[in-house]
Structure formats: structure tokens, C-alpha cells
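Colleague: No sequence on hand, only this structure:
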């Protein structure tokens with residue numbers, strides 16, 4: 001293991017790589033200055049520094065290794081696309097932070113300015129969200145024999161393919177290799193985790209079939225999902241986005257559906273956008289969009305659907321009364337409540353763990369009406385009590401109340417999820 005800056009240089013040095021060693025607060029101790037000169041004492045993670053990235057300073061305190069893959073960065077006046085690898089190491093007996101910055105321009109150098117601009121514009125959002133990837137060791141990206149999680153390998157392959165297409169623009173890359181829905185799902189979750197949490201949106205994936213694996217162009221499938229999901233996230237505040245995987249054995253087609261809490265016009269714009277970039281998209285309901293890919297499922301078996309309960313006026317009298325007994329409208333309201341309350345419960349738990357009492361008070365106040373609407377008046381009263389405790393910073397009494405509320409609220413939402421809505 002490297003114990004000095006010189007040894008680190010020999011391990012990782014490339015003409016396109018700069019290595020920076022700083023203390024645990026990010027104050028630079030030394031730098032090899034391959035790309036730009038960084039003076040001793042420069043604060044890497046301070047406001048207005050080139051690494052002033054939302055959430056990064058907090059992540060560094062809790063994670064040993066962080067990777068920001070292929071991000072647009074103004075590196076001290078040196079604007080380009082970089083990959084940034086940050087790891088905490090013990091160097092010469094001291095805990096320090098090693099930051100490796102790799103300029104990715106070299107692999108893009110054969111493209112003209114016009115083509116490069118068009119390329120970045122086309123996959124801008126995937127590049128933007130890939131910066132949120134974390135927990136990938138520096139060695140994973142620099143040593144060929146390292147074992148990497150399948151979803152990380154999938155993302156790295158995605159970056160490499162589209163980068164290679166810049167060099168060989170007339171060549172259309174395709175692959176027919178085995179992959180799993182689970183790997184695609186995890187890759188998508190990794191890419192959008194920070195963005196979804198920031199907006200208060202829960203991102204879920206589901207599949208209506210089982211198989212050992214699929215054979216097809218996994219990177220094309222991933223690209224379409226990244227494109228569609230990022231578009232929905234850009235236009236949605238709170239609620240849930242569901243990415244569903246289906247398979248039609250006779251046609252040997254993989255179906256990927258998207259459902260979010262956005263206006264129908266958003267789906268129409270997304271549909272036209274996907275058609276323009278060559279995706280085979282179709283629209284059914286106003287709130288459902290489908291992408292279709294050729295592929296083969298090995299050992300395919302459809303999942304048996306669990307029977308759902310039907311809603312009734314006896315169970316939801318208030319909603320039926322305000323909608324004029326319109327069952328379809330009640331179902332829409334219940335679906336919206338379920339999506340938003342699951343997200344709000346997560347937000348409440350997070351703000352409670354961080355002891356952000358002002359935010360806790362706002363969230364509990366916001367949640368009360370929805371529980372009343374689904375005839376859960378006891379839970380609504382608990383929220384009112386918790387709001388008062390949060391306002392008074394009564395941590396001791398809040399702790400015991402919250403534990404009971406979380407259990408009962410989770411149970412209530414799980415029961416609501418059993419309805420056909």
C-alpha cells in the first residue's frame with residue numbers, strides 16, 4: 001500500500017491525472033499539478049471551490065471512497081469532463097484525503113466541437129446523475145482484476161460505449177449479452193438516488209416476470225430508462241415514479257413502463273423526445289409510457305398477481321362524499337395519497353434522525369390532512385401531538401411517540417397498498 005505522495009504517483013500517475021493530498025478537512029497539503037497548479041492551503045470543499053458539489057462534503061465524512069463519474073467541472077479555469085476519485089487513507093501516519101482527478105478529454109479529442117456539444121446535450125442528464133455514484137473504490141477503476149458490483153460495471157460500460165461512439169461516429173454499437181433486470185434496477189437507483197431524495201420523490205422498480213437472465217442490448221435499455229426517468233424527475237415534485245419491467249415471450253420483447261405524478265403534457269413531450277432519439281416508445285393511458293426492446297428471457301415465468309381489495313364507500317366515506325361517489329376519482333386520490341405519504345414518512349424519519357425540529361414540525365403539519373382523508377384520525381392526532389413536541393424541541397417525548405407512529409403509519413399505508421387503486 002502506498003504511504004507517500006510519490007508512491008501514489010507511481011501507482012496511479014497518467015498524463016491526464018492529477019493527484020491531490022489534503023488533510024481530513026480538505027486543506028491541500030501537496031499536489032502533483034499535472035493539470036492545474038493547486039497551492040498548499042487551498043480548501044478543496046469550501047464554497048466556490050471547484051469541488052463545491054451539493055452533498056459531497058457530508059458524504060466525505062461518512063464514506064471511505066467516493067467516485068464522481070464523468071462530470072462537467074470547471075477545474076481552476078480548466079473546463080472539461082472529469083472523473084473524480086476521493087478516498088480517505090493513512091499517509092505517513094496521518095489520516096488524509098487523496099483526490100484523483102482524471103481529465104476525460106483525451107477519449108473525446110477526436111470529436112469536433114459541434115459533435116461534442118451535440119453529444120453532451122443528448123445525454124446531459126445521464127452525465128449529470130452519474131456524478132451521484134459513490135462507494136466505488138479507486139482500485140476498481142484502475143486495476144483490471146478487481147471484482148466490481150454488476151450495476152457499477154454496467155454504468156462504466158455505458159459511459160465507455162457512448163464515449164467510444166464519439167470516436168467512431170459512423171459505427172452503431174450493439175451487443176447481445178446476458179443481463180439481469182435487478183442489475184438495471186440497481187444502476188438506475190444509484191444514478192438517481194441523490195436527485196430523487198433532494199426532490200422528495202421515491203423511485204421504485206417492479207417486474208411482472210421471473211427469469212434467470214435476459215439476452216439483449218443492456219446498454220440501450222439502460223440509456224432509455226435513464227433518459228425517461230431523468231425527464232420525469234425534472235418535472236416532478238414529491239410522489240413516486242415507478243419503472244416497470246415486463247416481457248412478451250411470443251414477440252421476444254422487453255417492455256419498460258414509466259408512471260409518475262406529472263401532467264399528461266410531460267408524457268407527451270417525453271414521448272416525442274424519445275422518438276427523436278430512436279427509442280421505440282408508445283403511450284397508452286395518459287399517465288403511462290412504454291419503451292420496447294428486442295430481447296430473450298431465459299427460463300421465463302410470469303409472476304402471479306396477488307388479489308387486490310376493492311375500495312368501498314363504507315371504508316372511505318369522506319372521499320366518496322367530496323367526489324360525488326366517483327369511484328375512479330377516489331382511486332386517483334388514494335393513489336396520490338399513498339405515493340406522497342410514503343415519501344413524506346421517509347422525509348420525516350430523515351429529518352427526525354438529523355434532529356431538524358423545524359423541518360419535523362413542517363412535515364408533521366403537512367401529513368395530518370392526508371391521514372384524515374383515509375379515515376386514520378388517530379394517526380392524524382398523533383401527528384398533531386408530534387408537531388407540538390417538535391416546536392418545543394421535546395426530544396424525549398418525541399422519541400417514544402415517533403416509534404409508535406412509524407409502526408402504525410407503516411401498517412396503515414401497507415393496508416392501503418392492498419387496495420385496487
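Modeller: Sure thing, it's come through. This is a predicted model, so every value here is computed, not measured.
Colleague: is it true that residue 179 touches residue 212?
Modeller: No: the pair residue 179 / residue 212 is not scored as a contact, 11.1 Å apart, by C-beta atoms under 8 Å. In short, each C-beta sits where N, CA and C put it, glycine included.
Colleague: of those two, who's got more company?
Modeller: Comparing residue 179 with residue 212 by neighbour count (other C-beta atoms under 10 Å), the higher total belongs to residue 179, at 20 against 11.
Colleague: Show the model's pLDDT score for that one.
Modeller: According to the per-residue confidence, residue 179 scores 90 in pLDDT.
Colleague: distance of it from residue 320?
Modeller: For residue 179, the distance to residue 320 (C-beta to C-beta, to the nearest Å) stands at 46 Å.
Colleague: likewise residue 222?
Modeller: 43 Å.
Colleague: Show me how far the lengthiest helix in the chain is from its chain's centre.
Modeller: Scanning the chain for the helix with the most residues, using DSSP state H, yields helix 327-353. Relative to its parent chain, helix 327-353 has a centroid offset of 19 Å by C-alpha atoms, centre = their mean, to the nearest Å.
Colleague: Show me what that helix is packed up against.
Modeller: The criterion is 3 or more C-beta pairs under 8 Å, 6 or more residues apart in numbering; DSSP states H and E, and the helices and strands that helix 327-353 contacts are strand 202-207, strand 240-248, helix 317-322, helix 357-373, helix 395-416.
Colleague: now those in TSV, with distance to residue 195, mean pLDDT and mean neighbour count?
Modeller: Written out in TSV, the entries for the helices and strands packed on helix 327-353 read as follows (distance: least, C-beta to C-beta, whole Å; pLDDT from 0 to 100; neighbours: other C-beta atoms under 10 Å):
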stretch	distance to residue 195	mean pLDDT	mean neighbour count
strand 202-207	9	88	17
strand 240-248	11	90	19
helix 317-322	32	88	14
helix 357-373	19	89	18
helix 395-416	24	85	14
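Colleague: Which among these is found nearest to residue 74?
Modeller: Taking C-beta to C-beta as the criterion, residue 74 comes closest to strand 202-207 out of those, the separation being 29.4 Å.
Colleague: ok and that closest one relative to strand 240-248, angle-wise?
Modeller: Our comparison of strand 202-207 with strand 240-248, counting by axes from the mean of the first three to the mean of the last three C-alpha atoms, to 10 degrees, yields an angle of 10 degrees.
Colleague: Which stretches in this protein count as strands?
Modeller: 17-23, 28-31, 65-75, 78-91, 94-103, 177-179, 202-207, 209-210, 213-216, 240-248, 253-259, 281-283, 289-298, 301-302 (DSSP state E).
Colleague: among the ones you listed, where is the model least confident on average?
Modeller: Averaged per stretch, pLDDT over these is lowest on strand 65-75, reaching a mean of 73.
Colleague: mind checking how far the most centrally placed residue in the chain is from residue 185?
Modeller: For the chain, the residue lying nearest the average C-alpha position, counting by C-alpha atoms, centre = their mean, turns out to be residue 192 (1.5 Å). Counting by C-beta to C-beta, the gap between residue 192 and residue 185 amounts to 11 Å.
Colleague: I'd like the strands of the chain written out as TSV, with distance to residue 370 added.
Modeller: Rendered in TSV, the data for the strands of the chain read as follows (distance: least, C-beta to C-beta, whole Å):
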stretch	distance to residue 370
strand 17-23	46
strand 28-31	49
strand 65-75	37
strand 78-91	40
strand 94-103	44
strand 177-179	39
strand 202-207	15
strand 209-210	33
strand 213-216	39
strand 240-248	14
strand 253-259	20
strand 281-283	30
strand 289-298	27
strand 301-302	34
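Colleague: Which one of those strands lies nearest to residue 340?
Modeller: Judging the strands of the chain by C-beta to C-beta, what sits closest to residue 340 is strand 240-248, at 8.1 Å.
Colleague: Does residue 357 touch residue 388 like I think?
Modeller: No: the criterion here is C-beta under 8 Å, and residue 357 misses it with residue 388 at 11.3 Å.
Colleague: thinking again about what came up before, how about the helices and strands packed on helix 327-353, which one is nearest residue 82?
Modeller: Ranking these by proximity to residue 82 (C-beta to C-beta) places strand 202-207 first, at 26.4 Å.
Colleague: Just name whatever secondary elements the closest one is in contact with.
Modeller: In terms of contacts (3+ C-beta pairs under 8 Å, 6+ apart), strand 202-207 is packed against helix 181-199, strand 240-248, helix 327-353.
Colleague: try 10 Å this time
Modeller: Applying 3 or more C-beta pairs under 10 Å, 6 or more residues apart in numbering; DSSP states H and E, one finds that strand 202-207 contacts helix 181-199, helix 218-234, strand 240-248, strand 253-259, helix 327-353.
Colleague: Looks like residue 40 contacts residue 31 (just checking).
Modeller: Yes: taking contact to mean C-beta atoms under 10 Å, the distance of 8.0 Å between residue 40 and residue 31 places them in contact.
Colleague: Need the contact partners of stretch 411-421.
Modeller: Stretch 411-421 is contacted from outside by 306-312, 315-316, 328, 330-338, 341-342, 345, 371, 374-376, 378-379, using C-beta atoms under 10 Å, 6 or more residues apart in numbering.
Colleague: Counting neighbours, which of those residues end up buried?
Modeller: Among the contacts of stretch 411-421, those scoring as buried are 311, 316, 330-331, 333-338, 341-342, 345, 371, 374-376, 379 (criterion: 16 or more other C-beta atoms under 10 Å).
Colleague: sorry, back to before: give the residues shared as contacts by residue 357 and residue 388.
Modeller: Contact with both residue 357 and residue 388 is made by residues 394, 398, according to C-beta under 10 Å, 6+ apart.
Colleague: Please work out the average pLDDT along the longest helix of the chain.
Modeller: 85.
Colleague: could you give the angle of that helix to helix 357-373?
Modeller: Relative orientation of helix 327-353 with respect to helix 357-373: 160 degrees, computed using the same axes, to 10 degrees.
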